[in-house]
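In: Sequence first, then the predicted structure, then my questions.
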Amino acid sequence: MRNMPSMTTRFLPGLITLVSAVALWEIGVRLFQISPILLPSPSAVWVEFWKMPAFFLYNAGVTLVVTLAGFFLAAVFGILLAVVIVSSKTLERPVFSALVALNSVPKVALAPLFVVWMGIGPEPKIAIAVMLAIFAIVIDTVLGLRSVDPDMINLARVGRASAWQILTKVRLPCALPSIFAGLKVAISLALIGAIIGEFVGSSSGLGFAILTAQGQFDTPGLFVSLVLLIAMGSLLFNLMEGIERLSIPWHTSVRSH
Amino acid sequence: MLDQVKDSYIRVSGVDKRYGGSDASLVLQDINLDIRKGEFVSILGPSGCGKSTLLKCIAGLEDVSNGSVTTRGLMVDGPPEGLGMVFQRDMLLDWRTILENVLFTVELQGKVSAEMRARASAQLARFGLGGYENRRPWELSGGMRQRASICRALLTDPDILLMDEPFGALDAMTRDDLNVEVARISHEAHKTIIFITHSISEAVFLSDRVVILDRHPGRIVEILDIDLPRPRQLSVRETPKFGHYSSHIRQVFTKLGIFKNA
């Protein structure tokens, strides 16, 4: 903690990359006079956003809520499933097989079915976000729970720990670094799931905004949604990293930063 | 207490241990061992002789395939009460401070109190870790970490202490230092200690008796009484008697073909 880099050194490289990329984009579009139907310049995207900021922000908010709901459910059920898989030899195979089978189904193909089942409200989008995000969480949590040093468990057993104590005081804390690795992948996947859901049938959200813009050949409008998606994805990922740093300050991966 | 129980405070009788079904996976064969209350017994053998497995059977962490283990006259079926264990690696939990680590076992049993905390601090101070209560394990050296793990094992005041090659990963000087410490615990606190090691001089220095194991499968070759005065200082290692014990053990291992160039 004493050598924690200042905010400037932490965010400056990223900021420079971002500004350069946007500048290059702007210059390229102006230099080659590319039609805004194909590729609008950043300034055009900016202007487009300010034409109806409430519309874009509202839809971004809808997508954000779906993403977070899906991610949260995936985290809860993913970690629970992983605990079941690790704790029970009988349930391990069937649960794991079902999960692998489920993960092999292209989620895009399931989306229409979910809309038939659940309507065009947020539910089918959340369901797809969960399905996309849960696999990474289960795989990484199982890995973490299994990677505990056997003598760590033996130590707890000699102390006559209950199965619950071994889980909560040894296995889960040991698995936290792996769990966070899974959560960081899952948060991006949950966002993708939300967009897939919105593409298939919805009347709000950034996926809906993208489809609408496309239908009207409004490429700048489409780009506003895209930029908002990128911003949201990056923000969510960084948020997870922040939570990770706060949760496992003791782990080598965090300490060495 | 019955004299019989006192003489075989820990009794291992006719223990075989195999993994899977076939004889090829026989790890321990016909182990018979009676350990008196307050005795210090080292189990000495080359790697692969099953000495750690034997300790885990005694701790109730592994089932035996044949025979039985009793502690204080009671059949071992899962870890018994009043048992402390120190592992080869210190097994300190990184997310806990040193004090919280020392209190870990006490916490499992729901017995954390202000008095226990004070006892843990005092214990740490006695082991040269005073002032390190709120440090994290990764801030300590290997020797200090292993000291903390010994503090953890001793805090519940177990009368049986099992040590599974606790100093195998430490440098020679730290090791000497901790050997003196363990000899002191055994002498002052009258604990029954089983100590696993592959170091001949460590075994002779610490023990009342040294159990010599051969490998493939692990079996007892000889049990050697060590008649050296206590309390022992490191200088005891330069006495002729100490040399005699060491060379005897070395000869046993040479005969077994474990030392090829002795």
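Out: Received it, and whenever you're ready, just let me know what you need.

In: Every contact and neighbour count from this point should use C-alpha atoms.
Out: Noted.

In: Can you pull the residues of the stretch 51-200 of chain A lying near chain B?
Out: A:151-152, A:154-161, A:165, A:173 (CA under 8 Å from any CA of the partner chain).

In: For those residues, could you give me JSON lines that also reports neighbour count?
Out: Putting those into JSON lines (neighbours: other CA atoms under 10 Å in any protein chain shown) gives the following:
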{"residue": "A:D151", "neighbour count": "16"}
{"residue": "A:M152", "neighbour count": "19"}
{"residue": "A:N154", "neighbour count": "22"}
{"residue": "A:L155", "neighbour count": "23"}
{"residue": "A:A156", "neighbour count": "19"}
{"residue": "A:R157", "neighbour count": "22"}
{"residue": "A:V158", "neighbour count": "21"}
{"residue": "A:G159", "neighbour count": "24"}
{"residue": "A:R160", "neighbour count": "20"}
{"residue": "A:A161", "neighbour count": "19"}
{"residue": "A:Q165", "neighbour count": "15"}
{"residue": "A:P173", "neighbour count": "20"}
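
In: In a strand, B:Q88, correct?
Out: No. Secondary structure assignment places B:Q88 outside any strand; it is coil (DSSP: H, G, I helix; E, B strand; the rest coil).

In: Would you mind giving the secondary structure of the nearest residue to it once chain neighbours are set aside?
Out: Of all residues not flanking B:Q88 in the chain, B:P166 sits nearest, at 4.2 Å (CA to CA, 6 or more residues apart in numbering or on different chains). Assigned state for B:P166: coil (three-state reduction, three-state DSSP).

In: B:P166: neighbouring residues, count only.
Out: By the criterion of other CA atoms under 10 Å in any protein chain shown, B:P166 has 23 neighbours.

In: how far away is it from B:N101?
Out: 17 Å (CA to CA, to the nearest Å).

In: Kindly report the same for A:G197.
Out: From A:G197 to B:N101 the distance is 48 Å (CA to CA).

In: Same drill for these two, tell me which one is more crowded.
Out: Comparing A:G197 with B:N101 by neighbour count (other CA under 10 Å), the higher total belongs to A:G197, at 32 against 24.

In: what separates that one from A:G61, distance-wise?
Out: Going from A:G197 to A:G61 by CA to CA gives 15 Å.

In: before we move on, what about A:F114?
Out: For A:F114, the distance to A:G61 - CA to CA - is 22 Å.

In: Settle it for me: which of these two has more neighbours?
Out: Each of A:F114 and A:G61 has its neighbours counted (other CA under 10 Å); A:F114 has more, 19 against 16.

In: hang on, B:E222 is in a strand, isn't it?
Out: Yes. Assigned with three-state DSSP, B:E222 falls within a strand.

In: show me what contacts it?
Out: Residues near B:E222 by CA atoms under 8 Å, 6 or more residues apart in numbering or on different chains: B:211-213.

In: Between the residues you listed, which sits nearest A:G221?
Out: The closest of those to A:G221 turns out to be B:L213 (CA to CA; 78.5 Å).

In: That closest one - how many residues pack around it?
Out: Neighbour tally, B:L213, other CA under 10 Å: 24.

In: Kind regards, and thank you for your time.
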